[in-house]
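Trainee: Show me how the following folds:
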Amino acid sequence: MLKIAPSILAADFANLERDIRRVAEADYLHVDVMDGLFVPNISLGIPVVQSIRAVTGMALDVHLMIDRPVRYVEAFCRAGADIVTVHVEADSRENTLRCLELVHSLGKRAGVVLKPGTPAQEALPFLARCDMVLVMTVEPGFGGQSFMEDMMPKVRQVRAWIEERGLDCELEVDGGIGPDTAPIAAAAGANVLVAGSAVYRAADIPGRIRELRG
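Mentor: Predicted coordinates:
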C-alpha cells in the first residue's frame, strides 16, 4: 500500500495544530525546511519542528532544503524528526555521507533528495546507507507547482537499483501529487507520496488521503 505524507507547507500556519490533526490518518507528516539560500524561499526551522513534535505522534518526514545541512541535521533529529532527507546538491559527497551517519547515530532514518535536474546516478554513492530516496517532481522551494512526469524514468531507475541491491529503502516523490498523478508515480515505483495542496484543499481530507493511497 502506498504511504501518504501530507506537506504542512500547504497548511494554515495560523492553525497548524488543527491542520496537523486533520491529516492524522496519513502515514507521515512532511515538513519542508527552506533557508532562502539553497532554494529561493524561507519556511520554518527547528523551533517549529519542536512544536509539531509536541502535538502529534505522527512520523515527521523532514526535508531539508538548506545549504550544508551537515550543520543542522543533529538539531533537527533532537527536535523530533523521525526521517531526515538532505539534498545531494547541497554539499560535498563527504558531508552528505556525514549527514546520513549523524542521523543514524541518533536512531533516526536518513535519506537523500534529487532535484529535477540531478541525474539518478547522483544517488548511487549514498544508496546503501539510505532509508529513503526522494525524487523531486517539481523544482524545490514553492508549493502548488505542476507535476513533472518526465521525472518518472529517474524514479524507475532508482527503484530498479533498490530492488537489485535488496535494500530496505523507501522511494518518495514530492511535487504536484494529486489524484491524477499519484498513480503515475506509483506505477514508476514510488511508495511514498508527498501531497500538499491536493490534501489540504480537499473538501474531505481523510477521503482524499484514502483516494491517493489507491
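Trainee: in what helix or strand does the residue at minimal distance from the centre of the chain lie?
Mentor: Note on the chain: the residue nearest the mean C-alpha position is H63, at 5.0 Å, using Cα atoms, centre = their mean. Element membership of H63, judged by DSSP states H and E, is strand 59-65.
Trainee: For the helix or strand just after that strand, which helices and strands make contact with it?
Mentor: Beyond strand 59-65 in the direction of the C-terminus, DSSP H and E gives the next helix or strand as helix 73-79. The elements that helix 73-79 packs onto, with contact taken as 3 or more Cβ pairs under 8 Å, 6 or more residues apart in numbering; DSSP states H and E, are helix 46-55, strand 59-65, strand 83-87, helix 93-105. C-beta here means a position set from N, CA and C on the backbone, and glycine is covered the same way.
Trainee: let's see it at 7 Å
Mentor: When contacts are defined as 3 or more Cβ pairs under 7 Å, 6 or more residues apart in numbering; DSSP states H and E, helix 73-79 packs onto helix 46-55, strand 83-87, helix 93-105.
Trainee: immediately after the longest one, which helix or strand?
Mentor: By that I understand helix 93-105. strand 109-114.
Trainee: Identify the residues contacting stretch 152-170?
Mentor: Counting contacts by Cβ atoms under 7 Å, 6 or more residues apart in numbering, the residues outside stretch 152-170 that touch it are 114, 120, 123, 127-128, 130-133, 135, 171, 173, 184-185, 188-192.
Trainee: The strand holding H63 pairs with which strands, parallel or anti?
Mentor: With DSSP bridges as the criterion, the sheet partners recorded for strand 59-65 are strand 28-34 (parallel), strand 83-87 (parallel).
Trainee: chain center to the shortest one, what's the gap?
Mentor: Centroid separation between strand 83-87 and its chain, computed with Cα atoms, centre = their mean, to the nearest Å, is 7 Å.
Trainee: Can you name the residues in contact with it?
Mentor: Residues lying outside strand 83-87 but in contact with it, judged by Cβ under 7 Å, 6+ apart, are 38, 59, 61-65, 69, 73, 76-77, 96, 99, 103, 108-113, 115, 131-132, 134.
Trainee: Just the terminal-to-terminal distance for stretch 103-119.
Mentor: Looking at stretch 103-119, the gap from its leading to its trailing residue is 24 Å under the measure Cα to Cα, to the nearest Å.
Trainee: Most tightly packed of the strands paired with strand 59-65?
Mentor: Comparing the strands paired with strand 59-65 by mean neighbour count (mean count of other Cβ atoms under 10 Å), strand 83-87 comes out on top with a mean of 28.
Trainee: so who does N95 touch?
Mentor: Residues R68, V70 are the ones in contact with N95 under the rule Cβ under 7 Å, 6+ apart.
Trainee: Per-residue pLDDT of it, please?
Mentor: What the model reports for N95 is a pLDDT of 98.
Trainee: rewinding a little: list the buried residues for the strand holding H63?
Mentor: For strand 59-65, the buried set under the neighbour-count rule, 16 or more other Cβ atoms under 10 Å, comprises A59, L60, D61, V62, H63, L64, M65.
Trainee: State the pair within those that is farthest apart.
Mentor: A59 and M65 (19.2 Å; Cβ to Cβ).
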